[in-house]
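Participant: Sequence and predicted structure are below.
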Amino acid sequence: MKALVALILLVELPIHKAVPAAPPAPLGCDDPQSEAAAEVAVSYINDHSHHGYKFALNRIENIRTVPQGPNNDIIFLELDLLETKCHILNPTPLANCTIRSLKEHAVEGDCDVKLQKLAGKFSVLASKCHSHADSSEDVHQLCPDCPLLASLNNTEVLATVTAALSDHNSRTAGAYLRLLEIGRATIQYEPAHIVSVEFAVGATDCSAAAAQDNVASCQLLPDDQSNYGFCTATRVIQPSQDLRVDCQLYGHQVPTPDVPFLSRVFWPTSQGTSAGLVPSVVQGFTNHNLRLSHNNPVASESSSSEFPSSVLSAKSVAKRAVAEVAQHDKVPRPVGFVPPPPPCPGKIRYFDI
């Protein structure tokens, strides 16, 4: 009988089931964790870009977190980047690199990046980027007289680069320099005909004086001695002729362990003019595309299947959602009420193009 009573009391006891933990609140684009993930992503993109210039974060367009387990998340980021004035060879920290202004025909990069956050540490798993210059209409609307980007294989651009590098090599007492790539160029026609170019160079194992006897034998320095640099030049064609050149060598840079040596990823310079080979990758383009330059064999250039469609289309969806909220939200607000910013897209750090 006692056993029966105990059984009845046991059955009548309330059953407390474990309540599952609420899922974490979605991250906003300006949350510190989002900013930290974006910083890792931008650093990765710049470290593995083989041509052109460093890019800086302009805006986090969208972020999505997919929990995988304890202290293990997969994060999808959509980033809006802007080209800086620092070539990828330039050792200047990204934080000290100047963003190109709209008047200089700015270049924007769009990147989708897949990261893993494991035990508090971010690592990039995949990325997909492309970049494009601002429209000529937008540039001229802001600055009607500003020159536009010229094709990197324009004949006047090539002639200016060749003349500039030859002029430098004829005047320097240092190493003979070879062309690695043309970074950007503009051509102005009024009130004067002026060609401005920027290009990357590499020091060879010949002095400039020795190269005059046998330039074909001059080779880029090996990886453990490599010395890269950057040149700017302006050539006035009309009404008078003038050429101004400024070249700077950065000194030997010890590469990061998982970043390839630059001499292996730049196009070879053993063919073409004495100034070096113009990389075929730039033919017909006005800027180096991140889609072409960002080519890491492990993580970069992943197929779009790596990224959920909701992330890939986040920019248009987010902008449309913000516009709809602004248009349809008719709920009365108290005097002095300031609505919170939408979680995404995030703040614009420089400008929108």
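Facilitator: Sure thing, it's come through. Numbering: from 1, shown residues only.

Participant: May I have the phi/psi pair for residue 29?
Facilitator: Note on residue 29: backbone dihedrals following degrees, to the nearest 10 are phi -70, psi -20.

Participant: Show me how far stretch 154-164 is from its chain's centre.
Facilitator: Chain-centre distance of stretch 154-164: 26 Å, with C-alpha atoms, centre = their mean, to the nearest Å.

Participant: Dump the C-alpha coordinates for that stretch into CSV.
Facilitator: Output in CSV follows, covering the C-alpha atoms of stretch 154-164 (Å, rounded to 0.1, in the frame of the first residue of the first chain):
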residue,chain,number,x,y,z
ASN,A,154,46.3,53.0,-73.9
THR,A,155,49.1,53.9,-76.2
GLU,A,156,49.7,57.3,-74.6
VAL,A,157,49.8,55.6,-71.2
LEU,A,158,52.3,53.0,-72.3
ALA,A,159,54.5,55.6,-73.9
THR,A,160,54.5,57.7,-70.7
VAL,A,161,55.4,54.7,-68.5
THR,A,162,58.2,53.7,-70.9
ALA,A,163,59.5,57.3,-71.1
ALA,A,164,59.3,57.7,-67.3
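
Participant: What helix or strand is residue 78 located in?
Facilitator: strand 72-87 (DSSP states H and E).

Participant: Over to residue 42?
Facilitator: Under DSSP H and E, the secondary-structure element containing residue 42 is helix 32-47.

Participant: what does residue 253 give?
Facilitator: With elements taken from DSSP H and E, nothing contains residue 253; it lies in neither a helix nor a strand.

Participant: how deep is the nearest residue to it once chain neighbours are set aside tucked in, by neighbour count?
Facilitator: Across the structure, with C-beta to C-beta, 6 or more residues apart in numbering as the measure, the residue nearest residue 253 apart from its sequence neighbours is residue 91 (5.6 Å). All C-beta spots, glycine's among them, are computed from the backbone N, C-alpha and C. Here the neighbour count serves as a burial measure; for residue 91 (other C-beta atoms under 10 Å) it reads 9.

Participant: ok, now residue 154?
Facilitator: Counted with other C-beta under 10 Å, the neighbours of residue 154 add up to 17.

Participant: re earlier: report the rounded mean pLDDT for the strand holding residue 78.
Facilitator: Strand 72-87 carries an average pLDDT of 96.

Participant: Repeat that for stretch 119-129.
Facilitator: When pLDDT is averaged along stretch 119-129, the result is 94.

Participant: How far off centre is that stretch?
Facilitator: For stretch 119-129, the separation from the chain centroid amounts to 15 Å (computed by C-alpha atoms, centre = their mean).

Participant: Numbering from 828 from now on, please.
Facilitator: Sure thing, new numbering starts at 828, so read that last one as stretch 946-956.

Participant: returning to that earlier point: quick one: the residue nearest to residue 1080 and residue 1060, what's the gap?
Facilitator: The span separating residue 918 from residue 1060 equals 22 Å under the rule C-beta to C-beta, to the nearest Å.
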